[in-house]
Every structure is written in C-alpha cells, then in structure tokens.
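>>> Below is the sequence, then the predicted model.
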Amino acid sequence: MTGPTLFALVAAALVGTGLYGFIVSPSPLRKVLAFNVIGSGVFLMFGVIARRGAIAGIGGDPVPQALLITGIVVAFSATALAITVLLRLAEEPPPTPLDPAPPPAAPDSEKAAP
C-alpha cells in the first residue's frame, strides 16, 4: 500500500467518523467537534492532492496548499465562534412561552350563590 493510498483511506475514515458523530449525537458541542473531524479528513485529502506533484519531482502544487492553510484558519475561527455561541446560549435563561397562561378560574362556590 502506497503512502497516498493510506492517507486517502485515513481521510475517508475521518470523514465517515465525523458524519456518524454529526448524525447520531444530539449535543450541539459534539456536533461542532464532529464537524471538525469531517474538516480534518477533508484537509488531509487536500494535503495528499497537494503533494502529488512533489512525488513526480516537480514540487508541490501551491494552490491546494494555499487552500489547505486558508481552510485550517477558517475552520479554527468558525469553531471558536460556534463554541462562543454555545457558551452564550448556555448562560441564557430558558425561554418563556409566548402565550401567557390563562388566569385561574373562579371557584364554583362563588358562582353558585343565589
């Protein structure tokens, strides 16, 4: 098994594991972490694609490398934003219902007076 094939299989396993965690997990924090695992698999695959020219001796392709570095930075900042929003939502009190409860009904003894 060659190196790029091994990296491609690991990338596919990361994407599959992330998808499973994203679908199965009900917790928002675990969904954010599963989404990061998916992104790691995609970044690994981009890294393998970027190195394909280096194997032939002509150097790595700079466009996938630039996309990879930019994607890692964007994923990091999006994860920080998502965790910040989750922490802010955890601090908020539970929402109140929009329709207020109806007033309590008068007891029957007051209505029955002649």
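On my side now, so go ahead.
>>> Residue 64: what's it in contact with?
Applying C-beta atoms under 8 Å, 6 or more residues apart in numbering to residue 64 gives the contacts 46-47, 49-50. In this view, the C-beta of every residue, glycine as well, is placed from N, C-alpha and C.
>>> cool, residue 98 as well?
By C-beta under 8 Å, 6+ apart, the contact set of residue 98 is empty.
>>> And the pLDDT at the nearest residue to residue 79 once chain neighbours are set aside?
Leaving aside its sequence neighbours, residue 79 sits nearest to residue 36 (C-beta to C-beta, 6 or more residues apart in numbering; 5.9 Å). pLDDT recorded at residue 36 is 94.
>>> related to what we said a few turns ago, so which of the contacts of residue 64 comes closest to residue 5?
residue 49 (13.1 Å; C-beta to C-beta).
>>> what's the helix or strand for the closest one?
Using DSSP states H and E, residue 49 falls within helix 28-50.
>>> With only the CA atoms kept, save that helix in CSV.
Extracted C-alpha coordinates of helix 28-50, given in CSV (Å, rounded to 0.1, in the frame of the first residue of the first chain):
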residue,chain,number,x,y,z
PRO,A,28,-24.5,20.8,20.0
LEU,A,29,-20.9,20.7,21.2
ARG,A,30,-20.4,17.2,20.0
LYS,A,31,-21.9,18.2,16.6
VAL,A,32,-19.3,21.0,16.4
LEU,A,33,-16.5,18.5,17.2
ALA,A,34,-17.8,16.0,14.7
PHE,A,35,-17.9,18.8,12.1
ASN,A,36,-14.2,19.5,12.9
VAL,A,37,-13.4,15.8,12.4
ILE,A,38,-15.0,15.9,9.0
GLY,A,39,-12.9,19.0,8.2
SER,A,40,-9.8,17.2,9.3
GLY,A,41,-10.5,14.4,6.8
VAL,A,42,-11.0,16.9,4.0
PHE,A,43,-7.9,18.8,4.9
LEU,A,44,-5.9,15.5,4.9
MET,A,45,-7.2,14.7,1.4
PHE,A,46,-6.3,18.2,0.2
GLY,A,47,-2.8,17.6,1.6
VAL,A,48,-2.5,14.4,-0.3
ILE,A,49,-3.6,16.1,-3.5
ALA,A,50,-1.2,19.0,-2.9
